[in-house]
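J.: Sharing a sequence plus its predicted fold:
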Amino acid sequence: MVEGGVLLEAEGVSKFFGGIRALDRARLSVRRGEIHAVTGENGAGKSTLMRIIAGLEQADSGEVRFAGRGIAMIHQELMIFPDLSVAENICMGQEPVGWFPGWLDRGTMRREASELLARLGVAVDPASSMRDLSFAEQQSVEIARALARHADLIVMDEPTSSLSARESELLFALILDLKQRGVATVYVSHRMPEIFRLADTITVMRDGCHIATRPAAGLDEDRLVAMMVGRPLEKSAPVRDRAPGDVLLEVRGLTTPGRFENISFTVRRGEILGFAGLIGAGRSDVAAAIFGLVPAVHGEILVEGRPVRIESPDDAFSLGIAMVTEDRKKYGFIPQMTVRENLTLSSLRNTTLVRRAREEGIADEQMRRFAVRAAGREQPLRNLSGGNQQKVVLARVLLADPEILILDEPTRGIDVAAKAEIYDLIRELACSGKAILLVSSEMNEILALSDRILIMREGRAAGEVRPRESSPEEILRRAMPN
């Protein structure tokens with residue numbers, strides 16, 4: 001029996017996947033109306049424990065007790081119905097019915113969906129197909145669907161991973177409002193400022209085990225990180241000033257009606273150009289157009305001053321352009337293939353067609369370089385944590401040694417220690433002469449890494465700033481709709 005204001009208790013929860021231990025007697029206790037953060041390195045078992053709590057996985061041993069009306073979950077990897085509308089996704093499982101038996105009240109569905117999306121500050125038509133939305137918009141719909149459940153406990157697994165500062169602020173306000181209503185939130189995140197801003201209590205996990213549960217007020221960032229990784233985190237190397245070289249990538253008047261219009265910019269060798277903006281501003285759409293995922297309708301792309309035609313990722317790849325996509329599940333990897341196969345997928349000419357031993361050596365080297373936590377190179381990628389999947393995607397893309405690198409939310413789902421390593425890697429790539437286009441919803445990430453920042457607003461360029469001469473407030477002001 002759950003007593004004393006405790007809403008959820010998970011005790012002694014263990015889980016194995018194909019002989020790989022994901023959880024080892026993990027535990028978690030959440031009180032009514034509490035915001036309880038759960039954090040840890042990639043592969044710590046956070047998402048697995050959340051899926052067991054939400055009833056999506058079955059534990060091999062242990063017990064979960066719940067004293068509420070329901071549990072809703074926002075997943076790190078989206079679980080959408082792409083061929084249904086936004087309203088149908090939000091109301092899935094609790095659709096209002098009309099006066100005729102078996103008929104859905106679609107008017108009520110659209111109205112309820114509109115109200116929930118408005119609370120999140122997202123301008124999406126409820127009648128739109130989910131397939132036509134950007135990844136960030138799809139993530140917002142998942143959040144709205146969880147809110148529609150009116151559950152006593154909402155599990156949020158990296159909910160702001162693709163949200164801009166403005167959308168994140170609206171989500172934070174909703175979480176605090178839910179707290180006032182007695183709704184508990186389990187907030188899984190690697191973002192330290194969010195954790196300390198929201199959490200009443202913090203639980204740290206490592207290697208599938210419970211490490212500690214502490215009041216948030218009694219911790220600071222350094223102490224929390226040390227608990228997560230088991231050691232103090234080394235400080236990132238100081239930023240070195242770079243002298244950008246010749247223009248490597250130039251875009252002129254790139255346009256796709258309804259998505260973005262008349263976008264022009266240059267990126268030089270050794271330069272990092274950041275793209276900032278709100279959800280729906282067109283940042284990821286421009287990146288996808290340059291890489292040939294969804295080619296632009298009008299405009300011109302030049303590589304080393306030469307006009308090129310990019311109609312597919314193969315075209316981009318042949319021109320020395322590589323991309324880490326925002327939606328790794330859709331474009332970044334093949335889940336049923338092994339870590340080895342995914343790592344070398346873009347470099348088959350240099351590996352499998354020569355000899356298997358060479359491929360295995362490259363895979364092992366990349367796993368060490370990017371600290372990929374897996375049982376081995378032959379483990380199916382679908383069995384890795386989201387953060388480790390992201391590391392594999394990064395490692396595969398960089399194995400091809402591209403001259404132009406497009407990074408769309410490159411640290412989504414990556415823990416604080418790995419994020420510092422990725423930041424250093426991005427700076428090293430720029431110092432080696434790569435031209436980098438960085439799309440990120442993390443304002444601190446954009447400001448810390450970029451040499452210049454292009455701000456987008458409603459599909460148009462709204463200005464360009466230099467990080468040392470700007471601020472998050474200035475960027476947000478320019479990004480806001482008129």
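T.: Yep, that arrived.
J.: C-alpha from now on. contacts and neighbour counts both.
T.: Fine.
J.: Helices of the stretch 301-450 of the chain, start to end?
T.: 313-318, 339-343, 356-369, 386-399, 416-431, 443-449 (DSSP state H, counting those that start in this stretch).
J.: For A146, give me its contacts.
T.: 72-74, 90, 154 (C-alpha atoms under 8 Å, 6 or more residues apart in numbering).
J.: Can you give me the distance of it to F81?
T.: 15 Å (C-alpha to C-alpha, to the nearest Å).
J.: Repeat that for P244.
T.: Counting by C-alpha to C-alpha, the gap from P244 to F81 is 44 Å.
J.: neighbour count winner among these two?
T.: P244 (18 against 15; other C-alpha atoms under 10 Å).
J.: Which secondary structure state is assigned to that one?
T.: Local secondary structure at P244 is given as coil here, using DSSP: H, G, I helix; E, B strand; the rest coil.
J.: That one - nearest residue in space that isn't next to it in sequence?
T.: G270 (4.9 Å; C-alpha to C-alpha, 6 or more residues apart in numbering).
J.: What of R27?
T.: Nearest non-adjacent residue to R27, counting by C-alpha to C-alpha, 6+ apart: E11, 4.5 Å away.
J.: Go ahead and list the helix or strand containing the one you found.
T.: strand 6-17 (DSSP states H and E).
J.: swap in S114?
T.: Using DSSP H and E, S114 falls within helix 106-119.
J.: chain center to the helix or strand just after that helix: distance?
T.: Downstream of helix 106-119, the next assigned helix or strand under DSSP H and E is helix 135-148. In terms of C-alpha atoms, centre = their mean, to the nearest Å, the centre of helix 135-148 is found 14 Å from the chain centre.
J.: Check which element follows helix 135-148 along the chain.
T.: Toward the C-terminus, helix 135-148 is succeeded by strand 153-157 as the next helix or strand (DSSP H and E).
J.: Can you list the buried residues in whatever helix or strand comes next after that next one?
T.: Sequence order places helix 165-180 as the next helix or strand after strand 153-157, per DSSP H and E. Going by neighbour count (16 or more other C-alpha atoms under 10 Å), the buried part of helix 165-180 is 165-169, 171-172, 175-176, 178-179.
J.: and if you look at stretch 68-82?
T.: For stretch 68-82, a neighbour-count test (16+ other C-alpha under 10 Å) marks 71-76, 80 as buried.
J.: Let's verify the residue nearest to P244: helix, strand, or coil?
T.: G270 ends up coil, using three-state DSSP.
J.: Need phi/psi at it.
T.: Backbone torsions for G270, taken as degrees, to the nearest 10, come to phi 80, psi 20.
J.: what packs against the helix holding S114?
T.: Contacting helix 106-119 under the criterion 3 or more C-alpha pairs under 8 Å, 6 or more residues apart in numbering; DSSP states H and E are the following elements: helix 86-90, helix 135-148.
J.: Quick one: mean pLDDT for the first one?
T.: Predicted confidence along helix 86-90 averages 92 (mean pLDDT).
J.: by contact count, what packs against it?
T.: helix 106-119, helix 135-148.
J.: and L302, what are its bridge partners?
T.: E250, P307 (DSSP bridges).
J.: Next: R206.
T.: Where R206 sits in a bridge, its partners, by DSSP bridges, are C209.
J.: My guess is it contacts V225. True?
T.: No. Using C-alpha atoms under 8 Å, R206 is not in contact with V225; the gap is 11.3 Å.
J.: Tell me who's in contact with F333.
T.: Going by C-alpha under 8 Å, 6+ apart, F333 touches 342, 393.
J.: Model confidence for it, exactly?
T.: 81.
J.: Backbone torsions only: list them for it.
T.: Residue torsions, per degrees, to the nearest 10, at F333 are phi -160, psi 170.
J.: measure it to N388 for me?
T.: Distance from F333 to N388, by C-alpha to C-alpha: 12 Å.
J.: Now the residue most central in space within the chain. Nearest residue, chain neighbours left out?
T.: With distances taken as C-alpha atoms, centre = their mean, R412 lies nearest the centre of the chain, 3.3 Å away. Excluding the flanking residues, the one nearest R412 by C-alpha to C-alpha, 6+ apart is S161, at 5.5 Å.
J.: Which residues are in contact with the one you found?
T.: 412-413, 441.
J.: quick revisit: direction included, what does the following helix or strand past the strand holding E11 pair against?
T.: The helix or strand immediately downstream of strand 6-17 is strand 20-31, counting by DSSP H and E. Here strand 20-31 is paired, per DSSP bridges, with strand 6-17 (antiparallel).
J.: Kindly export the strand it pairs with (C-alpha atoms) in CSV.
T.: Extracted in CSV, the C-alpha atoms of strand 6-17 (Å, rounded to 0.1, in the frame of the first residue of the first chain):
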residue,chain,number,x,y,z
VAL,A,6,3.8,9.0,-1.9
LEU,A,7,2.3,8.6,-5.3
LEU,A,8,4.8,6.2,-6.9
GLU,A,9,7.2,3.7,-5.5
ALA,A,10,9.5,1.5,-7.6
GLU,A,11,11.7,-0.9,-5.7
GLY,A,12,14.3,-3.5,-6.7
VAL,A,13,13.6,-3.0,-10.4
SER,A,14,15.9,-5.1,-12.7
LYS,A,15,15.8,-5.5,-16.5
PHE,A,16,18.0,-7.3,-19.0
PHE,A,17,18.0,-7.0,-22.8
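J.: so what are the domain limits for this structure?
T.: Under the assignment automatic domain parsing, the domains of the chain span 6-229, 247-479.
J.: In the helix or strand containing E474, which residues are buried?
T.: According to DSSP H and E, E474 maps onto helix 472-479. In terms of neighbour count (16+ other C-alpha under 10 Å), helix 472-479 has its buried residues at 475-476, 478-479.
J.: before we move on, what about stretch 302-314?
T.: Buried residues in stretch 302-314 (16+ other C-alpha under 10 Å): 302-303, 310-313.
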